[in-house]
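S.K.: following is a predicted model, sequence given first.
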Amino acid sequence: EAQVTQNPRYLITVTGKKLTVTCSQNMNHEYMSWYRQDPGLGLRQIYYSMNVEVTDKGDVPEGYKVSRKEKRNFPLILESPSPNQTSLYFCASSLRRGGETQYFGPGTRLLVL
Amino acid sequence: AQSVTQPDIHITVSEGASLELRCNYSYGATPYLFWYVQSPGQGLQLLLKYFSGDTLVQGIKGFEAEFKRSQSSFNLRKPSVHWSDAAEYFCAVGEANAGKSTFGDGTTLTVKP
């Protein structure tokens, strides 16, 4: 089944404790992206990747890191999480670029205390 | 910079009534436009998209949208709403050959019996 998977689905952590949210897709998509969703703010793009080893900032990259060492994986790293990063995070992928249909993962709900 | 505005935060319609959700965008060239739906606790699913050609596009679940360049709008419509259409709807614009994607803040649809 074609899908985007994220792990973990739910995470509670404390300020400053490094964490990684994994994202994997099995559709051989070149493009992957991370979003955060907050009430009343829609989805805001954090980072995206056009292909392996090619990443770029979205609208809200501060406090996040990403890497794209393999085509299928695009982990999101919070090196020192803060309470304002409490949010619902979505990973998405598309065949080639941001102008194409994106397929979304189920989301990761993060609470930073 | 591209932007998307969904003027209606919340809309309530009766089951069987028609629906129109508004979306206005700002983009320098011909945009790639999308409507996504998010059911409670779920990820986002594509309803329909516009790249070029016929300005009236058909999507899944009986939805359609019309691209009006002169009004910078891409409104979503459905002639008869079903209770299962209750969800949050997002309009989005993507860059043609790059990675930025911008989503609106979303419109929550409530369907009255």
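M.R.: Now that the structure is in, tell me what you want to look at. Residues are numbered from 1 along each chain as shown, chains lettered A, B, ... in the order given.

S.K.: got the contact list for A:Lys69?
M.R.: Going by Cβ atoms under 8 Å, 6 or more residues apart in numbering or on different chains, A:Lys69 touches A:Val52, A:Glu53. To be clear about C-beta, it is placed using only N, CA and C from the backbone, and glycine gets the same treatment.

S.K.: for it, give me the pLDDT.
M.R.: Note for A:Lys69: predicted pLDDT of 97.

S.K.: just give the nearest non-adjacent residue to the residue at minimal distance from the centre of chain B, would you?
M.R.: Per Cα atoms, centre = their mean, the C-alpha nearest to the average position across chain B is that of B:Trp35, at 3.5 Å. Take B:Trp35 and drop its neighbours on the chain: the residue closest to it by Cβ to Cβ, 6 or more residues apart in numbering or on different chains is B:Leu47, 4.4 Å away.

S.K.: quickly find the element holding that neighbour.
M.R.: For B:Leu47, the host element (DSSP states H and E) is strand B:44-50.

S.K.: mind listing what the following helix or strand past that strand pairs with, with the direction of each?
M.R.: Using DSSP H and E, the helix or strand that follows strand B:44-50 in sequence is strand B:56-58. Applying DSSP bridges to the sheet, strand B:56-58 is found paired with strand B:64-68 (antiparallel).

S.K.: which other residues reach the partner strand?
M.R.: With Cβ under 8 Å, 6+ apart as the test, strand B:64-68 has contacts from B:33, B:35, B:47-48, B:50, B:55-59, B:73-78.

S.K.: that strand: which residues count as buried?
M.R.: B:Glu64, B:Ala65, B:Glu66, B:Phe67 (16 or more other Cβ atoms under 10 Å in any protein chain shown).

S.K.: so which bits of chain B are right by chain A?
M.R.: B:6, B:9, B:32, B:34, B:36, B:42-46, B:49, B:51, B:90, B:92, B:94-106 (Cβ under 8 Å from any Cβ of the partner chain).

S.K.: buried among those? Need that as a selection in ChimeraX.
M.R.: To isolate the buried ones among the residues of chain B next to chain A in ChimeraX, judged by 16+ other Cβ under 10 Å, type:
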select /B:6,32,34,36,43,44,46,49,90,92,94,95,99,100,101,102,103,104,105,106
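
S.K.: what residues are up against residue 32?
M.R.: No chain was given, so I picked chain A. Contacts of A:Met32 (Cβ under 8 Å, 6+ apart): A:Cys23, A:Gln25, A:Tyr48, A:Ser49, A:Arg68, A:Phe74, A:Cys91, A:Ala92, A:Ser93.

S.K.: not quite, I wanted chain B
M.R.: A:Gly98, A:Gly99, A:Glu100, B:Lys49, B:Tyr50, B:Phe51, B:Val93, B:Gly94, B:Glu95, B:Ala96 are the contacts of B:Tyr32 under Cβ under 8 Å, 6+ apart.
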